[in-house]
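Asks: 3D model of this:
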Amino acid sequence: MKSKIVAFVLGAMLIAIAACKNGNEFPEQVTFTEHVAPILYANCSICHRKGGSSHFSLVTYSEALQYASGIAYVTKDKVMPPWPADLHYTQFVGQRSLTDREIKILEKWNEQGAREGDPTKLPKLPAYPVGSITGIPDMRIPVTPFFLKSNSSDRFLLIKVPYELPADTFASLIEFVPGSRNVVHHVNGDMVKYEFDRKKDVFAGDRILEMAADTSTLKQAYVKLGLPNDDGSYPVLQKSVVNYLPGATGQRYPDGLGGYYLPRKGAFLLNDLHYGFTKQDDIWDSSYINIFFTKSPPKRPLQEFQLGTLGVAPVEPDMVMLPNTVKPVSSRFTVPYDISILTINPHMHLLGKSFKAYALKPTGDTIRLISIPRWDFNWQYFYTFKKMVKIPQGSTIVAEGIYDNTTNNLNNPFNPPQVITDRKGSMKATDEMFQFIISYLPYQPGDENISLE
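Replies: Take a look at the predicted model:
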């Protein structure tokens, strides 16, 4: 009887092992419909589709066929899907990566001639919201269109986006969506909150000012935009409500974390909409703002600080990048009380080579935050942890960056290399920045167990 039991168990184990092997075996003939499309739909078509952020689609066989060799190359080199953060250092919500098996399937598909396969085996394309990465918004407010001539250089705009609602309400997310992703570099946006009886017409005043040409002081700009109350006083300004960076999407948190109070009358103040250099024909950019309402007020509104340029801690030694040099810099800040970190955003410009951040506890232990071994200016995410990360009082948050101002850096804006600085916080891509932006809450017991997925 005992020998029969042993034989049965061994047989079951062999069947399980064989099943695992078969699941990981490469198909003899790789086809688009059966093997490639599932990979593309799960990892790539969120951007590579009609209405997506990419300039070409990979949804149909004929579309993917044109880029078969390119798909094999960029996935093997791990340039795509774009996820600069090191997955072995820290895990984040929504991280994108392919398994080694998936990468090899894409490579083999190209090598075998990129066949289509049985059309009946093509999986269903995921349903994507139109005009948003996050979902279907409750309200969409257009940003005043702006005209960009071909070969125009960096442009920095101050834009007012007014609104009026039937009543005061709340929002779980406010999302900026660029009309022309290839020229909109970034947006830093605040919210102007009016008391209903102190501002008769929130739509009065200019909508767009070019920061260099139309304004001499910020106060004059605010007056031109019609931001003051009717009596000349100023309303409440809530900072950092609507932001955008290449690759970044709006952050939506569970359990009443984050969110915003929206007064009946208000405006979004895009205090720094940056258009980068464009080599294309003349462009009209028509960006917009999506609002996702919620009935409940935020239980715990997020707070924010940043290390580095314009932050709570200086860059050391400095942000002077001499020609033909590779330079390390860092910024350190000791937290005065326990905090729970939800989202982080590293920021550098074209000379960036690598970025790393961590926290050192008073005990000497290290808390990993993020490592980006190969900095990519074109993909700068807001990275949200899978669970909140507790940083104990007295811990020092350290951000470290390396800049490459040599001809080996293919992104170097100057050849031969020139002296590049931060120009006291210049946003121009051809200047430099070093920032580590942290969204956090004052710590409460149990925060580290709350899922943010």
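Asks: which sections of the protein are below the confidence cut-off?
Replies: Judged against pLDDT under 70, the low-scoring parts of the chain cover residues 1-24, 151, 211-216, 246-249, 278-280, 425, 427.
Asks: okay, now the domains of it?
Replies: Domains of the chain are assigned by automatic domain parsing as 27-121, 139-300, 304-449.
Asks: Out of those domains, which is closest to I133?
Replies: Between I133 and the domains of the chain, the tightest spacing by C-beta to C-beta is seen for domain 139-300, at 4.4 Å. To be clear about C-beta, it is placed using only N, CA and C from the backbone, and glycine gets the same treatment.
Asks: so how far is that closest one from its chain's centroid?
Replies: Its chain's C-alpha centre and that of domain 139-300 lie 18 Å apart, by C-alpha atoms, centre = their mean, to the nearest Å.
Asks: for stretch 430-446, same thing?
Replies: Using C-alpha atoms, centre = their mean, the offset of stretch 430-446 from its chain centre is 14 Å.
Asks: how about the CA coordinates for that stretch, as PDB?
Replies: Provided in PDB are the C-alpha atoms of stretch 430-446 (Å, rounded to 0.1, in the frame of the first residue of the first chain):
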ATOM      1  CA  THR A 430      19.000  72.900 -21.800                       C
ATOM      2  CA  ASP A 431      19.700  74.000 -18.200                       C
ATOM      3  CA  GLU A 432      19.800  71.500 -15.400                       C
ATOM      4  CA  MET A 433      17.800  70.500 -12.400                       C
ATOM      5  CA  PHE A 434      18.100  68.000  -9.500                       C
ATOM      6  CA  GLN A 435      14.900  67.300  -7.600                       C
ATOM      7  CA  PHE A 436      13.400  64.600  -5.600                       C
ATOM      8  CA  ILE A 437       9.700  65.300  -5.000                       C
ATOM      9  CA  ILE A 438       7.900  63.400  -2.200                       C
ATOM     10  CA  SER A 439       4.200  63.100  -1.600                       C
ATOM     11  CA  TYR A 440       3.500  62.000   2.000                       C
ATOM     12  CA  LEU A 441       1.100  61.900   5.000                       C
ATOM     13  CA  PRO A 442       2.000  62.300   8.700                       C
ATOM     14  CA  TYR A 443       2.300  58.700   9.800                       C
ATOM     15  CA  GLN A 444      -0.500  56.900  11.500                       C
ATOM     16  CA  PRO A 445      -0.200  53.400  12.900                       C
ATOM     17  CA  GLY A 446      -1.100  50.800  10.200                       C
END
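Asks: follow-up on the earlier one: in JSON lines: the domains of the chain, plus distance to Y128 and mean neighbour count.
Replies: Formatted as JSON lines, those follow (distance: least, C-beta to C-beta, whole Å; neighbours: other C-beta atoms under 10 Å):
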{"stretch": "domain 27-121", "distance to Y128": "7", "mean neighbour count": "17"}
{"stretch": "domain 139-300", "distance to Y128": "13", "mean neighbour count": "17"}
{"stretch": "domain 304-449", "distance to Y128": "19", "mean neighbour count": "18"}
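Asks: V130: which of those is closest?
Replies: domain 27-121 (5.9 Å).
Asks: need the helices for this protein, in chain order.
Replies: For the chain, the helices defined by DSSP state H cover 2-24, 37-43, 61-66, 68-76, 100-111, 218-224.
Asks: which strands and helices sit next to the fourth one?
Replies: In terms of contacts (3 or more C-beta pairs under 8 Å, 6 or more residues apart in numbering; DSSP states H and E), helix 68-76 is packed against helix 100-111.
Asks: thinking again about what came up before, distance to P129 added to the domains of the chain, as JSON lines?
Replies: Listed next are these as JSON lines, based on distance: least, C-beta to C-beta, whole Å:
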{"stretch": "domain 27-121", "distance to P129": "9"}
{"stretch": "domain 139-300", "distance to P129": "9"}
{"stretch": "domain 304-449", "distance to P129": "19"}
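Asks: of those, which approaches S132 most closely?
Replies: domain 139-300 (5.3 Å).
Asks: Compute the first-to-last residue distance for that closest one.
Replies: Domain 139-300 has its terminal residues 24 Å apart, counting by C-alpha to C-alpha, to the nearest Å.
Asks: so who does the closest residue to L227 other than its chain neighbours touch?
Replies: Leaving aside its chain neighbours, L227 sits nearest to V192 (6.0 Å; criterion: C-beta to C-beta, 6 or more residues apart in numbering). Contacts for V192 (C-beta atoms under 8 Å, 6 or more residues apart in numbering) come out as 160, 227, 235-237, 266-269.
Asks: so which pair among these is furthest apart in space?
Replies: Based on C-beta to C-beta, the longest span within those runs between K160 and V236 and measures 15.5 Å.
Asks: Let me know the closest of the contacts of V192 to K219.
Replies: Nearest to K219 among the contacts of V192, with distances taken as C-beta to C-beta, is L227, at 9.8 Å.
Asks: Now do the same contact list for that closest one.
Replies: Applying C-beta under 8 Å, 6+ apart, the residues contacting L227 are 160, 192, 205, 234-235, 267, 269.
Asks: ok, those vs G308, which is closest?
Replies: For the contacts of L227, the nearest to G308 is L269 (23.5 Å; C-beta to C-beta).
Asks: wait, doesn't that closest one sit right on K193?
Replies: No - with contact defined as C-beta atoms under 8 Å, L269 and K193 do not form a contacting pair (10.7 Å).
Asks: what touches both of the two?
Replies: With C-beta under 8 Å, 6+ apart, L269 and K193 have common neighbours L237.
Asks: Enumerate the beta-bridge partners assigned to the closest residue to D318 other than its chain neighbours.
Replies: Once flanking residues are discounted, D318 sits nearest to V329: 7.8 Å by C-beta to C-beta, 6+ apart. V329 has these beta-bridge partners by DSSP bridges: G401.
Asks: just I397 next, same as before
Replies: Under the criterion used (DSSP bridges), I397 bridges to F333, A359.
Asks: got a list of what it touches?
Replies: With contacts defined as C-beta under 8 Å, 6+ apart, I397 is in contact with 307, 332-335, 357-359, 369, 391, 436, 438.
Asks: E304 now?
Replies: Neighbours of E304 in contact, by C-beta under 8 Å, 6+ apart: 239-240, 437-440.
Asks: what's the spacing between the nearest residue to D404 once chain neighbours are set aside and M321?
Replies: Leaving aside its chain neighbours, D404 sits nearest to K353 (4.3 Å; criterion: C-beta to C-beta, 6+ apart). As for K353, its distance to M321 is 11 Å (criterion: C-beta to C-beta, to the nearest Å).
Asks: Spell out which residues are contacts of both of those two.
Replies: If you check K353 and M321 against C-beta under 8 Å, 6+ apart, the residues they both contact are Y403.
Asks: For the stretch 301-450 of the chain, which segments count as strands?
Replies: 303-308, 325-334, 339-348, 352-360, 366-372, 383-391, 396-405, 434-442 (DSSP state E, counting those that start in this stretch).
Asks: any chance of these in CSV, plus distance to D197?
Replies: Listed next are the strands of the stretch 301-450 of the chain as CSV, based on distance: least, C-beta to C-beta, whole Å:
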stretch, distance to D197
strand 303-308, 30
strand 325-334, 42
strand 339-348, 36
strand 352-360, 46
strand 366-372, 46
strand 383-391, 39
strand 396-405, 43
strand 434-442, 33
